[in-house]
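K.L.:
Take this sequence and fold it.
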Amino acid sequence: MIRPLVEIPANPIPSGTRVDSLSLRDGKELRYTITPASAQPPQGTVIVLHGRNECIEKYFETIQDIASRGFTVATFDWRGQGASSRLLRNAAKGHVKSFDDYAADFEQLFESVLLPDCRGPFYILAHSAGALAALLAAPALSNRIRRMVLLAPLLDINGSRARKTMARVGANALRYTGLGRAYMLGGPHRIKPFELNEVTSDTARYLRNCNVLEQAPELAIGGPTASWIVAAAKAIKKINRPEFIETIRIPLLMIAAGADSVVSTPAIERYALQLRNATLLTIDGAKHEILQEKDFFREQLFAAFDAFIPGTGSETE
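P.N.:
Next up is the predicted model:
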């Protein structure tokens, strides 16, 4: 059964949103939504790709922001999180075998649902781990996706070299000894007080997102497993190979958060310099979840979005 969308007074479901599910090739189910544009003329479709431990409900405000610009908005819960199929008996664990599975799921949804049901041209707005999956899928979608906006993409974790080495070695050790499904970082999901959160400086948006998960705790996951950490590291290594970088033809806008303590902003800046068609913007003072940040930071993001994503006329297919 399709898990209905959860709304609270501070986080209403965007008008006209349709929720459905897609059966994937391996039998898993992907929950997705399509929201019609709330302004004219039609501008095409923006596909929103979430980060780790996020769900559709967290993006209601962003969906409304994009729909008000004349875009249809499509989004979905990645396998293993939100209301899509979980991958382990302990559904609270953030797990995946390979980030290629994320890319393949997205490509199947695009081919099976979005191409026939949504109006082009198509654009991607992706955050963190979702941006890493978007980069993996980019070569296969180069003739289908017009442009991509990547927000705080996961290209390396923030921290010292020693910390990164310990995480990588520890995750590999657990996986190779048959403990890849064990928690690597953190444990079962718990809601942190605002003062301890690392992702936003906006109290109202943070509490809104917490309230959604208090009402529907089954939408959340806990820390990543060792397998998830290894899969992310392999995906990062893959997209950094020169021969892979050569295959990325889609114009990119990469937006880094200047006060990001989750992913490495210098890694984002270095990667952007290697790409032929990439523009980089660093929003000073913003934390990792820029779309959940204060208006001051979100307005900078959307100003860049509006300047980068073409409108109608000759751009419409």
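
K.L.:
ok, now which ones touch Arg25?
P.N.:
When contacts are counted by CB atoms under 8 Å, 6 or more residues apart in numbering, Arg25 touches Ala104, Gln108. Every residue, glycine included, has its C-beta placed from N, CA and C.

K.L.:
Just the buried positions in the helix or strand of the chain with the lowest mean pLDDT, please.
P.N.:
The helix or strand of the chain with the lowest confidence, counting by mean pLDDT, DSSP states H and E, is helix 161-176 at a mean of 77. Using 16 or more other CB atoms under 10 Å as the test for burial, helix 161-176 gives Ala167, Ala171, Leu174, Arg175.

K.L.:
Pipe the residues you listed into JSON lines and attach distance to Ile157 per row.
P.N.:
Converted to JSON lines, the buried residues of helix 161-176 look like this (distance: CB to CB, whole Å):
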{"residue": "Ala167", "distance to Ile157": "7"}
{"residue": "Ala171", "distance to Ile157": "11"}
{"residue": "Leu174", "distance to Ile157": "17"}
{"residue": "Arg175", "distance to Ile157": "17"}
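
K.L.:
In the residues you listed, find the pair that's most separated.
P.N.:
Greatest spacing in the buried residues of helix 161-176, by CB to CB: Ala167 and Arg175 (12.4 Å).

K.L.:
on that earlier part again, how far off centre is the least confident helix or strand of the chain?
P.N.:
Centroid separation for helix 161-176 versus its chain: 24 Å, with CA atoms, centre = their mean, to the nearest Å.

K.L.:
can you check stretch 69-81 too?
P.N.:
9 Å.

K.L.:
ok, the closest residue to Thr62 other than its chain neighbours - how many residues close by?
P.N.:
Leaving out its chain neighbours, the residue that sits closest to Thr62 by CB to CB, 6 or more residues apart in numbering is Leu291, at 5.1 Å. By the other CB atoms under 10 Å criterion, the neighbourhood of Leu291 contains 23 residues.

K.L.:
As a check, name the ranges of all strands in the stretch 151-300 of the chain.
P.N.:
Here the stretch 151-300 of the chain has its strands, by DSSP state E, counting those that start in this stretch, at 252-257, 278-283.

K.L.:
So which other helices or strands are in contact with the last one?
P.N.:
When contacts are defined as 3 or more CB pairs under 8 Å, 6 or more residues apart in numbering; DSSP states H and E, strand 278-283 sits against strand 252-257, helix 265-274, helix 295-308.

K.L.:
Now render the strands of the stretch 151-300 of the chain as a markdown table, adding mean pLDDT, mean neighbour count and distance to Ala272.
P.N.:
Listed next are the strands of the stretch 151-300 of the chain as a markdown table, based on pLDDT from 0 to 100; neighbours: other CB atoms under 10 Å; distance: least, CB to CB, whole Å:
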| stretch | mean pLDDT | mean neighbour count | distance to Ala272 |
| --- | --- | --- | --- |
| strand 252-257 | 98 | 24 | 5 |
| strand 278-283 | 97 | 17 | 4 |
